[in-house]
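Colleague: Got a sequence here, can you build the structure:
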Amino acid sequence: MNRRWMQRLGVVAALVLSGAVASSGPSRQVGISYEKTEATSRKRALVIGNKAYRQRPLTNTAHDAQAVGAKLRTLGFQVTEAYDLDARGFSQTIEGYVSDLRRGDVSMVYYAGHGLQIDGENYLIPVDFQATRAEDVKWNSYALGRLMDGLAARELQVNVVVLDACRDNPFRATRSAGGGLASVNAGKGSLIAFATSPGSVADDGEPGKHGVFTESLLKHLDQPGKDIEDVFKEVRRDVATRTGERQVPWTSSSMIGQYVLAGGAVTSSAPVVAAAPAPASSPDVEPRSGLRFVAIAGGRFTMGCAPGDTECEPDEQTRTPVDVAPFELTAVEVTADAYQRCVDAGACAPASTHRPTCNFGRRGDHPINCVDWSQAQAFCRWAGARLPTAAEWEFAARSGGTRPWGDAPVTTARAQYDAAEGTSAVGTHPSGATPSGLQDMLGNVWEWTASDYPTGGKEARGGGWYYSAKHMRVSNRVRLSPSDKDAGVGFRCAR
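Modeller: Presented below is the predicted three-dimensional model:
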């Protein structure tokens, strides 16, 4: 096939650092992390690839988006991916992502697909786009300004937006649309990088390969110790050389300080953003679901009520020696975002939303809940995994005491319990983690296991957000009907 040339824009916008300097040392994060910040920031990313347009379908946008998503996961981001979005899906996906962001988060949005401008306003184009007048564009696409305003309102610590979008007008019916996207000025503390200079074209690449800009971005994005401005200088030099200067990426920057995406540290009198070293045994990431697995060494332990635990229920009293083979368990409970990917792939049925505290389609970084046992099984199978047995779950949750952190009392800093508002985002109780790095083993949601309860039904472990402290113990168990879709029940996967 002939190489297709199209005009595309790559924008990396609004890398904004906010918040007072408070900490005496670097925060412990993988990927993007901060020195001297008020609190540990979550790293979130939204990756969109639109390819299957009714008019002028594109070649490599989905391929580019998949690669960017994978790269961001290696930098410690929790990534939500979406492909071939129609107008409704575009709005729901972006608004859902933005609404889940918190003040001080690190966010990156990447979009590959068509885009155009009307009267100086840039628009991202859904795959079902049809317009005969300029006015129709505003109602049948998604305004870039709307996205940027939404992100700005979240008071993010770092906000990155990458747009690899057509800069011409591929939809000939909209004759009053401008030829190319309108320029975007970098506000204070921001950097904007275009895939090519205004009015020029960018190479979409051969089928099955990457566009020149995205390929170079993937090459340079994770360079250890590189300031973000230097990263895009490298991308510009690389792209210009490869294309004989037919395509020269262009940047506009109002950066204050230095920002490092991967590894190392940068010396500067300004605040520094630097990546913390990865832990000695990094969790393995399953690519389709984004689940991170933690290796659990096998061993022998006594299952049941721990010695000295005075709160054990009758079904915990029997103490049984059990041998557990080595296995892996997801570092956190399966999120609503991860479950959505399974639904989008056609491998999972949508979760129930019968209660306001059900998270599906509402709170992407919270644990998926309101799913029955079969739905949990189906997700784990799709992810190349399975539900853990009750013995595996208890073995992984123990650290020599009644709770994952030992025998110290449960607190709201260690687990989500007695919480009328519902679940919390996964991983927000790091002081309650096991020595191996498993989080939320107690509280948030009860977790389905593969095991049958002795008197019928299925066994769940871990306690839920509306349960009391008494239930926050590793030997505590509950019997559930396999068809239950409770807002206090979710799961994690093993393999």
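
Colleague: which residues of the stretch 251-400 of the chain fall in strands?
Modeller: Counting by DSSP state E, counting those that start in this stretch, the stretch 251-400 of the chain has these strands, from start to end: 258-259, 272-273, 284-285, 292-296, 299-303, 320-324, 327-330.

Colleague: and these, which one's lowest on average pLDDT?
Modeller: With a mean of 32, strand 272-273 has the lowest mean pLDDT of the strands of the stretch 251-400 of the chain.

Colleague: quick revisit: could I get the strands of the stretch 251-400 of the chain in CSV, plus columns for mean neighbour count and distance to residue 136?
Modeller: Heads up, the C-betas are built off the backbone N, CA and C, glycines and all. Shown next, in CSV, are those (neighbours: other CB atoms under 10 Å; distance: least, CB to CB, whole Å):
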stretch, mean neighbour count, distance to residue 136
strand 258-259, 22, 39
strand 272-273, 22, 42
strand 284-285, 14, 41
strand 292-296, 19, 43
strand 299-303, 13, 64
strand 320-324, 13, 61
strand 327-330, 24, 45
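
Colleague: who wins for proximity to residue 64 among the ones you listed?
Modeller: strand 284-285 (19.4 Å; CB to CB).

Colleague: which residues touch the closest one?
Modeller: 73, 74, 291, 292, 293, 295, 328 (CB atoms under 8 Å, 6 or more residues apart in numbering).

Colleague: Please identify which helix or strand holds residue 90.
Modeller: helix 87-100 (DSSP states H and E).

Colleague: What average pLDDT does that helix get?
Modeller: Helix 87-100 shows a mean pLDDT of 89.

Colleague: quick check: angle from the helix or strand just after that helix to helix 87-100?
Modeller: Next along the chain after helix 87-100, taking DSSP H and E as the criterion, comes strand 106-113. Computed with axes from the mean of the first three to the mean of the last three CA atoms, to 10 degrees, the direction of strand 106-113 lies at 170 degrees from that of helix 87-100.

Colleague: Just the buried residues of strand 106-113, please?
Modeller: Residues 106, 107, 108, 109, 110, 111, 112, 113 are the ones in strand 106-113 that count as buried (16 or more other CB atoms under 10 Å).

Colleague: Within the sheet, what are the partner strands of that strand, with directions?
Modeller: Strand 106-113 sits in its sheet next to strand 43-49 (parallel), strand 158-166 (parallel), going by DSSP bridges.

Colleague: List the buried residues of the last one.
Modeller: Read that as strand 158-166. Buried-residue list, strand 158-166, by 16+ other CB under 10 Å: 158, 159, 160, 161, 162, 163, 164, 165, 166.

Colleague: Report the lowest-confidence entry in these.
Modeller: The member of the buried residues of strand 158-166 with the lowest pLDDT is residue 166, at 58.

Colleague: Residue 87 is nearest to which of the strands of the stretch 251-400 of the chain?
Modeller: Using CB to CB, those put strand 284-285 closest to residue 87, at 31.8 Å.

Colleague: Note down every partner strand of that closest one and its orientation.
Modeller: When pairing is defined by DSSP bridges, strand 284-285 lines up against strand 292-296 (antiparallel).

Colleague: what angle sits between the strand it pairs with and strand 320-324?
Modeller: Going by the same axes, to 10 degrees, strand 292-296 makes 120 degrees with strand 320-324.

Colleague: of all the strands paired with strand 106-113, which lies closest to residue 69?
Modeller: strand 43-49 (4.2 Å).

Colleague: roughly how far is the helix or strand following the closest one from the heart of the chain?
Modeller: Once the chain leaves strand 43-49, the next helix or strand it forms, by DSSP H and E, is helix 61-74. With CA atoms, centre = their mean, to the nearest Å as the basis, helix 61-74 stands 12 Å off its chain's centre.

Colleague: how many neighbours does the nearest residue to residue 475 once chain neighbours are set aside have?
Modeller: Closest residue to residue 475 apart from its sequence neighbours, by CB to CB, 6 or more residues apart in numbering: residue 316 at 4.6 Å. Residue 316 has 18 neighbours, counted by other CB atoms under 10 Å.

Colleague: now the helices: where do they sit in the stretch 351-495 of the chain?
Modeller: 373-382, 390-397 (DSSP state H, counting those that start in this stretch).

Colleague: next one: the stretch 101-250 of the chain
Modeller: Ranges of helices in the stretch 101-250 of the chain, per DSSP H, counting those that start in this stretch, are 134-140, 144-153, 212-220, 228-242.

Colleague: Dump those helices into CSV; add mean neighbour count as well.
Modeller: CSV is the format used below for those (neighbours: other CB atoms under 10 Å):
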stretch, mean neighbour count
helix 134-140, 16
helix 144-153, 17
helix 212-220, 23
helix 228-242, 19
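
Colleague: Show me the one of those that comes nearest residue 445.
Modeller: Using CB to CB, these put helix 144-153 closest to residue 445, at 28.4 Å.

Colleague: quick one: that closest one to helix 87-100, angle?
Modeller: Going by the same axes, to 10 degrees, helix 144-153 makes 20 degrees with helix 87-100.

Colleague: Quick check: which helices or strands does helix 144-153 pack against?
Modeller: For helix 144-153, the packing partners by 3 or more CB pairs under 8 Å, 6 or more residues apart in numbering; DSSP states H and E come out as helix 87-100, strand 106-113, strand 121-124, strand 158-166.

Colleague: Now with 7 Å, please.
Modeller: Contact partners of helix 144-153 among helices and strands, from 3 or more CB pairs under 7 Å, 6 or more residues apart in numbering; DSSP states H and E: helix 87-100, strand 121-124.

Colleague: what's the most buried one of the ones you listed?
Modeller: strand 121-124 (a mean of 23; mean count of other CB atoms under 10 Å).

Colleague: Just the terminal-to-terminal distance for stretch 396-406.
Modeller: By CA to CA, to the nearest Å, the extent of stretch 396-406 from end to end equals 13 Å.

Colleague: which residues sit against that stretch?
Modeller: 296, 301, 306, 309, 329, 407, 410, 414, 432-435, 438, 441-442, 472-474 (CB atoms under 7 Å, 6 or more residues apart in numbering).

Colleague: Just to check, the residue nearest to residue 475 is in contact with residue 303?
Modeller: No - look at residue 316 against residue 303 with CB atoms under 7 Å: they stay out of range, at 9.4 Å.

Colleague: Now do the contacts for residue 135.
Modeller: Residue 135 sits next to no residue when contact means CB under 7 Å, 6+ apart.

Colleague: I'd like to know how far it sits from residue 429.
Modeller: 49 Å (CB to CB, to the nearest Å).

Colleague: low-confidence ranges in this protein?
Modeller: 1-41, 120, 132, 166-192, 196-208, 251-259, 263-283, 399-401 (pLDDT under 70).

Colleague: on that earlier part again, got the buried residues of strand 106-113 as JSON lines, with distance to residue 123 columns?
Modeller: Formatted as JSON lines, these follow (distance: CB to CB, whole Å):
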{"residue": "106", "distance to residue 123": "26"}
{"residue": "107", "distance to residue 123": "21"}
{"residue": "108", "distance to residue 123": "21"}
{"residue": "109", "distance to residue 123": "15"}
{"residue": "110", "distance to residue 123": "17"}
{"residue": "111", "distance to residue 123": "11"}
{"residue": "112", "distance to residue 123": "15"}
{"residue": "113", "distance to residue 123": "11"}
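
Colleague: and of the residues you listed, the nearest to residue 215?
Modeller: Using CB to CB, the buried residues of strand 106-113 come closest to residue 215 at residue 112, 12.4 Å.
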